[in-house]
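S.K.: quick one, structure for this:
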Amino acid sequence: MDFVGGHHVGDGRGTRPQMRIKDNRPQGSFLQHDFSGSSQVVLLGMESASDKEVWQRAKSDGFVIVTRDADFQELSLLWGAPPQVIRLRTPNQSRSGVLKLLLDNKPTIESALELEGKASIELIAELQ
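M.R.: Below is the predicted model:
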């Protein structure tokens, strides 16, 4: 599961979300260069948190959740935003593959979440 953090859409400050990635490998965030303030869920001490705990943290801290897990998209449909959810529909990818997918779709993500205020979106990547 991945995590994107930052102020949620509609906060009136026009800030763009910072990325938070859940990855159990103990190293710094691979998104730091492209998404300032990035971290990993493991670095937030949430590697064993339940979906509900992650949802509540994202809601209270203004995060956007980025995940391969359909559960968060379903919660988004059930409970609405915040937080907003980006579901990655991808084969297992390297960190660089995930980063490329997010960067390639950054304008679409920003438009859907910030301008259109959607509760969730999907990014679909094919095997290359």
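S.K.: which stretches of this structure have low pLDDT?
M.R.: Counting by pLDDT under 70, the chain has low-confidence residues at 1-32, 34-40, 127-128.
S.K.: what about the helices in it?
M.R.: Under the criterion DSSP state H, the chain contains helices at 51-61, 70-79, 95-104, 106-110.
S.K.: quick check: buried residues in the first one?
M.R.: Of the residues in helix 51-61, those scored as buried under the neighbour-count criterion (16 or more other Cβ atoms under 10 Å) are 54, 55, 57, 58. Every residue, glycine included, has its C-beta placed from N, CA and C.
S.K.: same deal with the third one?
M.R.: In terms of neighbour count (16+ other Cβ under 10 Å), helix 95-104 has its buried residues at 98, 99, 101, 102.
S.K.: before we move on, the earlier item: can you redo the buried residues of helix 51-61 as TSV with distance to residue 71?
M.R.: Formatted as TSV, the buried residues of helix 51-61 follow (distance: Cβ to Cβ, whole Å):
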residue	distance to residue 71
54	10
55	9
57	15
58	13
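S.K.: of the residues you listed, which pair is most distant in space?
M.R.: Spanning the widest gap among the buried residues of helix 51-61 are 55 and 57, at 7.4 Å by Cβ to Cβ.
S.K.: out of the helices of the chain, which is closest to residue 120?
M.R.: Of the helices of the chain, nearest to residue 120 by Cβ to Cβ is helix 70-79, at 4.1 Å.
S.K.: packing partners of the closest one?
M.R.: helix 51-61, strand 84-89, strand 120-124 (3 or more Cβ pairs under 8 Å, 6 or more residues apart in numbering; DSSP states H and E).
S.K.: and the last one, what does it pack against?
M.R.: This points to strand 120-124. When contacts are defined as 3+ Cβ pairs under 8 Å, 6+ apart, strand 120-124 sits against helix 70-79, strand 84-89, helix 106-110.
S.K.: go again using 6 Å as the cut-off
M.R.: Applying 3 or more Cβ pairs under 6 Å, 6 or more residues apart in numbering; DSSP states H and E, one finds that strand 120-124 contacts strand 84-89.
S.K.: dump the strand it packs on to CSV, restricted to CA.
M.R.: The C-alpha trace of strand 84-89 is given here as CSV (Å, rounded to 0.1, in the frame of the first residue of the first chain):
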residue,chain,number,x,y,z
GLN,A,84,-8.9,11.1,-1.2
VAL,A,85,-7.6,7.9,-2.7
ILE,A,86,-5.5,7.1,-5.7
ARG,A,87,-5.6,3.4,-6.6
LEU,A,88,-2.7,2.1,-8.6
ARG,A,89,-3.8,-0.7,-10.9
